[in-house]
Structure formats: structure tokens, C-alpha cells
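J.: Here is the input, now give the coordinates:
(3 chains)
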Amino acid sequence: MPELPEVETVRRGLADHVVHRTVADVEVLRERAVRRHPGGAVDLAARLRGARFGAAVRRGKYLWLPLDRADDAGESGEALLIHLGMSGQVLVKDSVDGTAGVDGTDGSGSGAPHLRVRLTLADGGEVWFVDQRTFGHLLVADLVPTADGGPGGVGSSMPALPQEVAHIARDLLDPGLAVGTPGRAALLRRLRSRRTGIKRALLDQTLVSGVGNIYADEGLWRARVHYAQEAATMSRARTEALLEGVAEVMHGALAVGGTSFDSLYVNVNGASGYFDRSLVAYGQAGRPCARCGTPIVREPFMNRSSFRCPRCQRAPRHG
DNA sequence: ATGCCTACCTGGGAGC
DNA sequence: TGCTCCCAGGTAGGCA
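T.: Numbers count the residues shown, from 1 in each chain, chains lettered A, B, ... in the order given. Here you go, the predicted model:
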């Protein structure tokens, strides 16, 4: 499933291959894929037709492309907002050639098995939103000022972001959360004021974004922290080490995922397959801990699962 | 405000 | 073989 590093890989692919191109037409094959767009498919298409993509920006797992209007050559104050959900992909097809094999299909016909939205570009290229489970979605959003006056996200220099993303915190790849910055200090303060388990706090997108179940477990393993450790009981140094652990895993995945697409298409699923092999905690129940050899255990957590080393990540004492 | 729970959705795999 | 059930999980929204 697309995690933050995969979304960043997609962002870079869109920045290289889609920015500065203009939308000619929009075809919504599954209404659900645009369910969060207030006007539905018809309005979404109307807003995109004739618009030119100005940049590719990301905050957490949200991705957006600010729109310029071809007619007045100015910024529209809107953006195409994309969330890949759990199975979403963005595929870019350049003009004419069939790009056989895209998404593992034979390239015949005019669509992938789970093609939900197809954008036709003015130069003949296409952008496909493919999503098996349709947890992901597209919408055209209004841009609003950022709360802290900083850039909206990675890939942008403008202090604006989609209204739908305004409540989402910066992520660990964002320069605004780099070690030593005011943003980082504020994050540490907020994390350490939470009276809940540290993993719940890590997953709270209003504190820090882009950390899902996989990266939380991997980061906790690296920092040797139990998921139920109350956030407010952790030292500043330990909390910082945990954030660094999560960030290191993300950087590692990004290094692998960044090689997963070529000039013709962006393939989200291509990245995760390689990265899966480097996981040391998530999904590793029964396999020896890479540090101490104790078998990794799987435990229920928030109607899902947590994986940890029972020796390196001891359960917190509680009264 | 904080903390916590549930619905949403679909296909792959396990179990019978 | 075909059926049922479980599982994955980010996010919004609603509750106390």
C-alpha cells in the first residue's frame, strides 16, 4: 500500500512528467473516486478542463497539483488534490505509444482493471488514477493560507494548501520539521503532552502526518519503544530518537522507491515490493528480532495489529 | 480541546 | 468446488 515514501515518489514523478501540462478532458469511471468533491464528477471535470498543472506538492499522504488557468495565465487558487488511500496509483502515459505492460496488464484496450479516473492531456498524454479498493479519491480543492506561514508542503514554496489538508500536520520529510527547527520543537512539546500511548500519538495526523502502521512499528523498533508507552512519560531525547527512527525508515524506503518508475509511468506498487524485504518488525511475527533474536510478536492494536520485539520493546509499567 | 471508537471498501486467502 | 469469514488500514465523523 502506498506509504509516505511511495507518495513522495509519485510526487516526484508528477513533478517530472505532468507539471506544466494542460488538461483537455476528464473521464470519471467510478463516481466513488470523486466522492469528496462537492460538485461530483461533472463539476470536477469542468474545473479541470483547460487547467494547467503548476507544481506537485505533498504533505503527509496528501498530494496536490495547483492549477493555472490557460485563459488568463494566472493561478486559479485551486488544486487537484489526490489521496491514494490503500491501493491507489497514478499512472502517466505519454502520447501515442500504448505503454504496454503498464500496471501489469497487456496494454490492450483503453484501461487498467481498476481505472477510476482518466485525465486526457492537451498534448495527447494521459494521467490515470487507478485504485482497486477505492479508498483513495480525487477532488478540486480551494487553496487556503498555511497556519504557520510556511510553504504548504514538500515541493512548494507557496504558503498555501488545500482546505481539506489544513488540519493535517507537516510530515517528517518536510524541512519545516527538520531537527532543530521551531516546528520540530513544537512537535516534541505537543507529542510529550499527550496522555495516550505513543503509537496512537504517532498515528495522529494533526501532530505529525504520514506515519502509518508500518512506519510506526518500524520506528518504535528502532528506538526500542513499546507502542503503549504513554507519550507524556517519554523524555525529550527518547521522543526525538523515535522521530529520527521513523524518519530513517522513510528515507530508506524513499531511496528504494525512487528507482521504481521510468519516464513513461509512475507505479506506486512497484516500490513496496522491494521495501517489504527490509522490514524488521511490521509483519514479522515469529521471525527473530534483528537485534537480539527474540521472536517478534503480533498484538491487537486499534482493531489492527502491532508488531514488536518483546525483549527490546518492553511493556511499560503502569499502576 | 483530547481521547477513542466505528464505518467505509474490496479482493485475497484461510477454513470448512 | 464453492461458500463464508477474516483481514488489511487512513481518514472523517461522531461520541463522551
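J.: could you measure A:Trp128 against A:Met86, distance?
T.: 18 Å (CB to CB, to the nearest Å). From N, CA and C alone the C-beta is placed, and that goes for glycine too.
J.: hang on, A:Val127 is in a strand, isn't it?
T.: Yes - read with DSSP: H, G, I helix; E, B strand; the rest coil, A:Val127 is one of the residues of a strand.
J.: tell me which residues form a beta bridge with the nearest residue to it once chain neighbours are set aside?
T.: Excluding the flanking residues, the one nearest A:Val127 by CB to CB, 6 or more residues apart in numbering is A:Leu119, at 4.2 Å. The bridge-partner assignment for A:Leu119, based on DSSP bridges, gives A:Val26, A:Val127.
J.: okay but A:Leu119 is in contact with A:Leu48, surely?
T.: Yes - taking contacts as CB atoms under 8 Å, A:Leu119 lies within contact range of A:Leu48: 6.9 Å.
J.: Common neighbours of these two, please.
T.: Residues within reach of A:Leu119 and of A:Leu48 at once, by CB atoms under 8 Å, 6 or more residues apart in numbering, are A:23, A:26.
J.: related to what we said a few turns ago, who's more crowded, A:Trp128 and A:Met86?
T.: A:Trp128 (24 against 13; other CB atoms under 10 Å).
J.: Could you check how far the more buried one is from DNA strand B?
T.: According to CB to the nearest atom of the strand, to the nearest Å, A:Trp128 stands 16 Å off from DNA strand B.
J.: give me every residue that touches that residue.
T.: A:89-93, A:111-112, A:115, A:117-119.
J.: again, but for A:Leu188
T.: A:236, A:239-240, A:243.
J.: How about A:Thr22?
T.: A:50-53, A:70, A:121-123.
J.: JSON lines for these, including pLDDT and distance to A:Leu207?
T.: Formatted as JSON lines, those follow (pLDDT from 0 to 100; distance: CB to CB, whole Å):
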{"residue": "A:Gly50", "pLDDT": "96", "distance to A:Leu207": "39"}
{"residue": "A:Ala51", "pLDDT": "96", "distance to A:Leu207": "33"}
{"residue": "A:Arg52", "pLDDT": "96", "distance to A:Leu207": "35"}
{"residue": "A:Phe53", "pLDDT": "96", "distance to A:Leu207": "30"}
{"residue": "A:Ala70", "pLDDT": "69", "distance to A:Leu207": "39"}
{"residue": "A:Leu121", "pLDDT": "96", "distance to A:Leu207": "38"}
{"residue": "A:Ala122", "pLDDT": "96", "distance to A:Leu207": "41"}
{"residue": "A:Asp123", "pLDDT": "94", "distance to A:Leu207": "42"}
